[in-house]
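S.K.: predicted structure and sequence below. I'll ask about it afterward.
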Amino acid sequence: MLERDGGVCVYCGESDENGRLIVELVVPVSRGGRPTWPNLQAACASCHEEKGTLTAFEYSLYLFETRLQETLAKLSAPSRKYGVAARGPRRAAAKARD
């Protein structure tokens, strides 16, 4: 089972080097899932715990939304590294016209 998923967590990509991977259900028993081969996958203990009773699809959407929000927050933060001012485009355009 763990070999089928490449020996990594299907959610975060953590490898099984430290023995933290477990076999979990894509659709939990509490949601009608059964322990059959297509319904099993490798996950690290932290992702498995955070997933709880969500299906793999629901948890993947949650991870995508969380990562998207983090990325957008980073992109919208002013960058002092390249000397970019913390102004909006309208204010910068108005200043350029003056």
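M.R.: Nice, I can see it.
S.K.: going forward, measure contacts and count neighbours with C-alpha atoms only.
M.R.: OK.
S.K.: please enumerate the strands of the chain.
M.R.: 21-25, 40-44 (DSSP state E).
S.K.: now the first one - C-alpha only, CSV.
M.R.: In other words, strand 21-25. What follows is strand 21-25, C-alpha atoms only, in CSV (Å, rounded to 0.1, in the frame of the first residue of the first chain):
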residue,chain,number,x,y,z
LEU,A,21,3.2,7.2,7.4
ILE,A,22,0.0,5.3,8.1
VAL,A,23,-2.6,3.7,5.9
GLU,A,24,-5.9,5.7,6.0
LEU,A,25,-9.3,5.6,4.3
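S.K.: which elements pack onto it?
M.R.: Here strand 21-25 touches strand 40-44, helix 45-51, going by 3 or more CA pairs under 8 Å, 6 or more residues apart in numbering; DSSP states H and E.
S.K.: output the strands of the chain as a markdown table; include the columns mean pLDDT and mean neighbour count.
M.R.: Listed next are the strands of the chain as a markdown table, based on pLDDT from 0 to 100; neighbours: other CA atoms under 10 Å:
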| stretch | mean pLDDT | mean neighbour count |
| --- | --- | --- |
| strand 21-25 | 93 | 19 |
| strand 40-44 | 94 | 24 |
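S.K.: mind putting those strands into CSV with distance to Phe57?
M.R.: Shown next, in CSV, are the strands of the chain (distance: least, CA to CA, whole Å):
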stretch, distance to Phe57
strand 21-25, 12
strand 40-44, 13
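S.K.: if we can go back for a sec, of the helices and strands packed on strand 21-25, give the one that comes closest to Ser30.
M.R.: helix 45-51 (12.8 Å; CA to CA).
S.K.: grab the longest helix from this protein for me.
M.R.: helix 56-76 (DSSP state H).
S.K.: what's the angle from that helix to strand 21-25?
M.R.: Here helix 56-76 runs at an angle of 120 degrees relative to strand 21-25 (axes from the mean of the first three to the mean of the last three CA atoms, to 10 degrees).
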